[in-house]
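Q: need a 3D model of the following:
(chains A and B)
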Amino acid sequence: MKNFFSSKQGIIAVGLAIGVLAPLLQFWGNPGNMGICVACFERDIAGAVGLHRAAVVQYMRPEIIGFVLGSLLAALFAKDFRPRAGSAPIARFILGAFAMIGALVFLGCPWRAILRLAGGDLSAIFGILGLVAGIFLGTIFFRKGYNLGRSQKTYSSVGLIMPLVMLGFLILLLLYPQVPEQPQSGVLFYSLKGPGSMHAPLLVSLLVGLFVGVVAQRSRFCTMGAFRDVILFRQNHLLLGVIALFVAAVVVNAVLGQIKIGFEGQPVAHTQQVWNFAGMLLAGLCFALAGGCPGRQLFLAGEGDGDAAVFVFGMIVGAAFSHNFGLASSPDGVGPHGIAAVFVGLAVCLYFGLTMRAKA
Amino acid sequence: MSEIVDARGLSCPQPVLDTLNKIATMGKGTIEVLVDTEASKENVSRAATAKGWSLDGVVENRGEYTITISKR
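A: Have a look, this model is predicted:
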């Protein structure tokens, strides 16, 4: 069976669909220029389960749950569920953690960087430049032989662990729904103000997440691969999807009146451009070394990739460190230790890139 | 005589990178690329045809694919 989604038209259609849905999610209640942000939403999940206690960013985001479960459904339906694991999991965990730390210095993953720009936030340009620079650094390591090694086939039950964790999160969300004016419901934390308090209705978020999970699994949509493939292979297949996402988001934002062009006063963003650049430089390098943007890692985890699942858990734990250690930025600017964390992260990436090489 | 690129178990972008490296060193001939995910199968096929190599066939065997590409 020919996979339509792997064609040029397919990846463009998926980019357009995500580009329409993300601004709609914002319209339905998600935070500004954050219709979808994988990093922010995983950070909110870390807060919802109390791994960090930053009161403004706690919510069990159904979109993330939907991404993984949608990907699982698509993979099962297309006989593309491939349980596999064992390609340097600890390295992937650390890459996930520092990817999140970098993304939270910028305040957004690559998806949100594009959505911020589509909402008129010009500071996102520095983030996107940093992202591309980080991916470029990653391709240098790949050219020099960097390789995290082979994964092994494993039991289906291993491939199902991440989807089951997400199912567990969904059950918690249904067991302990948000109670108005209450910061806690059962074991889950809920923000009363700030981005964590802003969200589309649960069912809407979940359904959009499931849909995006399905089409992204089939198309292999990846915002990091988009730039990497151009730099490394001169291939623009995935980039077409990202451009389609941006164009659709601009159009829908314009229709919904969600565009405000400028640097100052943008939602959940700061204007310290050096650190917008450097944060995404670190994140882009981590995504490149781990082989996928944060969304792609979720879709891979849904189709049975246990190493991608470890990367996702790394991101969630990295978010906890970010907020507990004062590494994450806020609209006021970078956190007290954010700059130090970027340098530590870059040093870690250098160590990985230079030492994890297959002998020629 | 065909050369073999074993990219089984390798994650993105390694299968494509290994295939393109082999294409660059051989210039022409026949290459069999072994992969074990559908994404890698699509990516390798797309990259090889973009380099002007022809896709001679894909054989699936228990979740693994042998992709045969060639250039005369």
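Q: please list the residues of chain B that sit near chain A.
A: Chain B comes close to chain A at residues B:8-14, B:16-17, B:20, B:36-39, B:42-43, B:46-47, B:50, B:63, as judged by C-beta under 8 Å from any C-beta of the partner chain. The way it works is simple: take the backbone N, C-alpha and C, and place the C-beta from them, glycine included.
Q: any of those buried? List them.
A: Among the residues of chain B next to chain A, those classed as buried by 16 or more other C-beta atoms under 10 Å in any protein chain shown are B:8-14, B:16-17, B:20, B:36-39, B:42-43, B:46-47.
Q: looking at the residues you listed, which are in strands?
A: Assigned to strands by DSSP state E, none of those qualify.
Q: mind listing which of those residues are in helices?
A: Using DSSP state H, B:14, B:16, B:17, B:20, B:38, B:39, B:42, B:43, B:46, B:47 are the members of these that sit in helices.
Q: for the closest residue to chain B within the stretch 201-350 of chain A, give me phi and psi.
A: With C-beta to the nearest C-beta as the measure, residue A:291 is the residue of the stretch 201-350 of chain A nearest to chain B, at 4.5 Å. With angles defined as degrees, to the nearest 10, residue A:291 sits at phi 80, psi 20.
Q: next one: residue B:61 from residue B:40, what distance?
A: 15 Å (C-beta to C-beta, to the nearest Å).
Q: of those two, who's got more company?
A: residue B:40 (26 against 8; other C-beta atoms under 10 Å in any protein chain shown).
Q: hmm, the more buried one is touching residue B:5, no?
A: No: the pair residue B:40 / residue B:5 is not scored as a contact, 11.0 Å apart, by C-beta atoms under 8 Å.
Q: need the overlap of contacts for these two.
A: Shared contacts of residue B:40 and residue B:5 (C-beta atoms under 8 Å, 6 or more residues apart in numbering or on different chains): residue B:15.
Q: nearest residue to residue 17 in space, please, no chain neighbours.
A: Just so you know, I chose chain A. Once flanking residues are discounted, residue A:17 sits nearest to residue A:215: 6.1 Å by C-beta to C-beta, 6 or more residues apart in numbering or on different chains.
Q: ah, no, chain B please
A: residue A:142 (6.2 Å).
Q: next, the contact list for that neighbour, please.
A: Residues in contact with residue A:142 (C-beta under 8 Å, 6+ apart) are A:232, A:288, B:13, B:17.
Q: show me which pair in those is furthest apart.
A: Farthest pair in the contacts of residue A:142 (C-beta to C-beta) is A:288 and B:17. Separation: 12.3 Å.
Q: tell me the centre residue of chain B?
A: Nearest to the mean C-alpha position of chain B, by C-alpha atoms, centre = their mean, lies residue B:33 at 3.6 Å.
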